[in-house]
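Engineer: model the structure of this input:
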Amino acid sequence: CEAATEHVAKLAELCGCADDMALYERHFAFLLDSITQPEGGAISSLYQQQAFDVLMRTASSVAGPHLARVLQVFFEHAKVDSDPDARLRMMALLESVLANDQCARHATPFARQLITVLIVPNTVWKAGRVAATIRKVTIACLYTLLRAERVDEETLYVTAPQLLPILKTNLDDYDASTRQ
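Structural biologist: Numbering: from 1, shown residues only. Got it, this is the predicted structure:
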């Protein structure tokens with residue numbers, strides 16, 4: 001990982017960029033397009049999933065202007081009918097992306113869709129450890145959105161009838177960490 005970071009810094013220098021973030025900012029759209037399918041957010045191979053994860057963890061601070069395209073990947077791969085392990089990875093990555101203030105600034109227009117398409121369905125109680133972990137990570141995504149004040153008042157009012165009963169159900173969850 002350290003060698004890869006050094007190579008990116010060298011590329012940034014060769015391209016005349018001030019630093020690696022400037023390099024990512026210049027080429028983010030191209031990198032995202034090369035990882036995902038052009039017609040949507042589908043990622044077909046494990047290599048592409050890993051590349052997307054690395055891109056988002058490394059360059060989420062410059063992803064904000066491309067958030068509509070980035071979220072397509074999450075909407076595609078964190079659906080309830082997706083593989084549970086893949087969903088868990090994607091929801092954890094989403095929480096990491098939303099935790100980046102520079103990226104989160106662009107999240108408000110997508111808050112309603114995030115809540116209705118990803119957060120509500122992934123917070124519904126299902127039995128099992130993986131399901132419990134997905135619920136915890138999904139609630140962390142909601143908490144991150146709310147803490148950063150990226151959910152406007154109208155979105156809260158519109159999504160509350162769906163969200164509040166599910167959150168109340170999670171208060172009864174035997175796993176105390178969900179209630180925290």
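
Engineer: so Met90 sits right up against His77, yeah?
Structural biologist: Yes. Using Cβ atoms under 8 Å, Met90 is in contact with His77, at 4.8 Å. Any C-beta I mention is one placed from the backbone N, CA and C, and that applies to glycine too.

Engineer: quick one: which of these two has more around it?
Structural biologist: Met90 (28 against 21; other Cβ atoms under 10 Å).

Engineer: quick check: closest non-adjacent residue to the more buried one.
Structural biologist: Once flanking residues are discounted, Met90 sits nearest to Ala78: 4.0 Å by Cβ to Cβ, 6 or more residues apart in numbering.

Engineer: for the one you found, what are its contacts?
Structural biologist: 86-87, 90-91, 94, 118, 122 (Cβ atoms under 8 Å, 6 or more residues apart in numbering).

Engineer: out of the residues you listed, who's nearest Asp33?
Structural biologist: For the contacts of Ala78, the residue nearest Asp33 by Cβ to Cβ is Met90; the value is 18.9 Å.

Engineer: contacts for the host helix or strand of that closest one?
Structural biologist: Using DSSP states H and E, Met90 falls within helix 84-99. Where contact means Cβ under 8 Å, 6+ apart, the residues beyond helix 84-99 that reach it are 49, 53, 56-57, 60, 63, 70, 73-74, 77-80, 82, 103-104, 107, 118, 122, 130-131, 133-134, 137-138, 140-141, 144-145, 148, 150.
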